[in-house]
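Novice: structure, please.
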Amino acid sequence: MFRTLAVSFIMMSASVAFAKNKPALSPEQVQRIDRYVTAEMARQRIPGLALGIYKNGDAVLTKGYGLANIELNVPMTTDSVLQSGSVGKSFTATAVMMLVEQGKIHLEDSITQYFPEAPDSWKPIKVANLLSHTSGIAAYDTPELQKAGMPFDLRSDFSEAEMVEKIVKLPLDFNAGEGWSYENTNFVLLGIMIHRVSGHHYSAFLHDNIFSPLGMKSSRIISDTDIIPNRVAGYEMIGGTLRNQEWVSPTFNSTADGTIYFTVSDIEYWDRALSSEKLLRKDTLQKMWTPYPYGGKTADEGYGFGWEIHFVNGHKVIEHDGAWQGFTTSYSRYIDDKLTVVVLTNLDSDHSNPAAVVRAVAGIIEPKLELAPRKAITDDKEKFSQNVWKEFQTLMQSGDSQKLFNGEGASVVDIADLRKSLPENWAESVPELITRTREGDRTRSVYKIGEGNDKRLLEVVSNAEDKVFGLSVNADPDNR
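Specialist: Residues are numbered from 1 along each chain as shown. Here you go, the predicted model:
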């Protein structure tokens, strides 16, 4: 039912802005973008999507596709308010760096200056380590710790002091600066630090120092109780069926690791500020957009302060992805090309891949950014692949997960969801191995399945004895 509905999703609303002194996208480019986005939404079963394309800080194209609210049949528009997910970390990092420029925070400070209740083991951790995910502080948001009755129960409310009291009890996974691990814990602490230093809650600081000065009228912290015009509904896919996002307490919708509302219209002002010195000096922005060294090594790609740094076909990209409560986001600034592409969706991260849409749209706009399709590689475990494919077909027909998941501790697979994630005529295709990576005793094999321009990626995780521990069906970025 949903697949049929998704295919029928037409561009519901659109606004087009022309960059000053710059040509707008050609009609052919816009048509290609429309065709691709609507087709990819159908493949990924995305209810609604907001797209923003900006050149030199000015919008050249912003559009809404599909539905912002399925129950009320409300179309997605350029003014639809969606959640940021971890793209919000870029705003948090900017707020911290504003305080750094004011001399109220120093990057080399031990964070114990701001968290005196922290243990002695935290003394080597600097503010820069929190910003770059090199602190070593463990995750607070593991499924085990967020269960009912556990320290970070998603349905319970905590004060900032109580959050810190719980976080300081977390272990250190490595010594500060010796490793890298993307942990939301770092930015939760940064948000509390902003409050302690400025005297204003993280959300109020953003409003007064970023949103209001830039004219981002719809941007704000998440709230379930406030009346928020054009608020989009977030969705999760359970058993192949759309459901409303699960409820969490206000605490977990107000932390600084990614709990912002914004629109693609508002993002124009944010992107323009990043192309100027309206919020931060150029040297400060450059520091944020430079990979932070760890383990005594530096690199051209990596994580700076609230931003990831990558290269696409040799072109530098400053970007971040995000996901939270039935929403996913992808924000990429192609620095060398003065191009920014942003995609916001209202579907959970297990089923949507906005980053793939960003990459494809960027390639339509600038051919030099188009990624070459990934080709099949030589299969060094051909018999294993044949057995997995045969058992996967049986699994999809019988629904008996034990036929495939025979390893102790194997993950539970949602058969109904997998079936609905598959392309048409998938069983008639021949799987093509495109990557195989090994981490410890686990091997991850990724196959292309499907025909023509309607393929998916089948990911299979196995152990040293070739017993399968998990699998998933994901979007194929090469569908264009």
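Novice: which regions of the stretch 251-400 of the chain sit below the pLDDT cut-off?
Specialist: Scanning the stretch 251-400 of the chain with the threshold set as pLDDT under 70 gives 399-400.
Novice: where do the strands sit along it?
Specialist: Counting by DSSP state E, counting those that start in this stretch, one finds strands in the stretch 251-400 of the chain at the ranges 260-262, 302-303, 308-312, 315-323, 328-334, 339-345.
Novice: figure out which of the ones you listed is closest to residue 34.
Specialist: Residue 34 lies closest, by CB to CB, to one member of the strands of the stretch 251-400 of the chain: strand 339-345, at 13.8 Å. Where C-beta positions appear, they are placed from N, C-alpha and C, glycine not excepted.
Novice: buried sites along that closest one?
Specialist: Within strand 339-345, the residues that qualify as buried are 339, 340, 341, 342, 343, 344, 345, counting by 16 or more other CB atoms under 10 Å.
Novice: strand partners (parallel or antiparallel) of that strand?
Specialist: Strand 339-345 sits in its sheet next to strand 48-55 (antiparallel), strand 328-334 (antiparallel), going by DSSP bridges.
Novice: what mean pLDDT does the longest one have?
Specialist: Averaged across strand 48-55, pLDDT comes to 98.
Novice: how far off strand 339-345 does whichever helix or strand comes after that strand point, in degrees?
Specialist: Once the chain leaves strand 48-55, the next helix or strand it forms, by DSSP states H and E, is strand 58-69. For strand 58-69 against strand 339-345, the angle by axes from the mean of the first three to the mean of the last three CA atoms, to 10 degrees is 10 degrees.
Novice: partner strands of strand 58-69, with direction?
Specialist: With DSSP bridges as the test, strand 58-69 is paired with strand 13-15 (antiparallel), strand 48-55 (antiparallel), strand 74-75 (antiparallel).
Novice: out of these, which is the most enclosed?
Specialist: strand 48-55 (a mean of 27; mean count of other CB atoms under 10 Å).
Novice: quick one: buried residues of stretch 272-280?
Specialist: The neighbour-count check on stretch 272-280 (16+ other CB under 10 Å) flags 272, 273, 274, 275, 279, 280 as buried.
Novice: tell me how far the ends of it are from each other?
Specialist: This stretch, stretch 272-280, spans 12 Å end to end (CA to CA, to the nearest Å).
Novice: ditto for stretch 94-108
Specialist: End-to-end distance for stretch 94-108: 17 Å, by CA to CA.
Novice: contact partners of that stretch?
Specialist: Here stretch 94-108 makes contact (CB atoms under 8 Å, 6 or more residues apart in numbering) with 114, 126-128, 131, 190, 193-194, 197-198, 202, 205-206, 209-210, 279-281, 284, 287-288, 305-306.
Novice: and stretch 191-201, which residues are buried?
Specialist: Buried residues in stretch 191-201 (16+ other CB under 10 Å): 191, 192, 193, 194, 195, 197, 198, 201.
Novice: of those residues, which is the nearest to residue 354?
Specialist: Set against residue 354, the nearest of the buried residues of stretch 191-201 by CB to CB is residue 191 (24.1 Å).
Novice: how much space between that closest one and residue 176?
Specialist: 19 Å (CB to CB, to the nearest Å).
Novice: ditto for residue 91
Specialist: 24 Å.
Novice: what of residue 467?
Specialist: From residue 467 to residue 176 the distance is 38 Å (CB to CB).
Novice: for the residue nearest to residue 125 when sequence neighbours are not counted, give me its contacts.
Specialist: Among residues not flanking residue 125 along the chain, residue 176 sits closest, at 4.3 Å (CB to CB, 6 or more residues apart in numbering). Listed by CB under 8 Å, 6+ apart, the contact partners of residue 176 are 124, 125, 126, 129, 134, 135, 136.
Novice: tell me which of the strands of the stretch 251-400 of the chain sits most buried.
Specialist: Among those, strand 339-345 has the highest mean neighbour count (mean count of other CB under 10 Å), at a mean of 28.
Novice: do you know the pLDDT at the residue nearest to residue 269 when sequence neighbours are not counted?
Specialist: With CB to CB, 6+ apart as the criterion, residue 269 has its nearest non-adjacent residue at 4.3 Å, and that residue is residue 214. Model confidence at residue 214, given as pLDDT, is 98.
Novice: how many residues are close by residue 214?
Specialist: 17 (other CB atoms under 10 Å).
Novice: one more: residue 128?
Specialist: Residue 128 - counted by other CB under 10 Å - has 21 other residues nearby.
Novice: surely it meets residue 305?
Specialist: Yes: assessed by CB atoms under 8 Å, residue 128 is found in contact with residue 305 at 7.5 Å.
Novice: hey, what's in contact with both of those two?
Specialist: Taking CB under 8 Å, 6+ apart as the criterion, residue 128 and residue 305 both touch residue 292.
Novice: Three-state assignment for the nearest residue to residue 350 once chain neighbours are set aside, please.
Specialist: Among residues not flanking residue 350 along the chain, residue 237 sits closest, at 6.9 Å (CB to CB, 6+ apart). Secondary structure state of residue 237, per DSSP: H, G, I helix; E, B strand; the rest coil, is strand.
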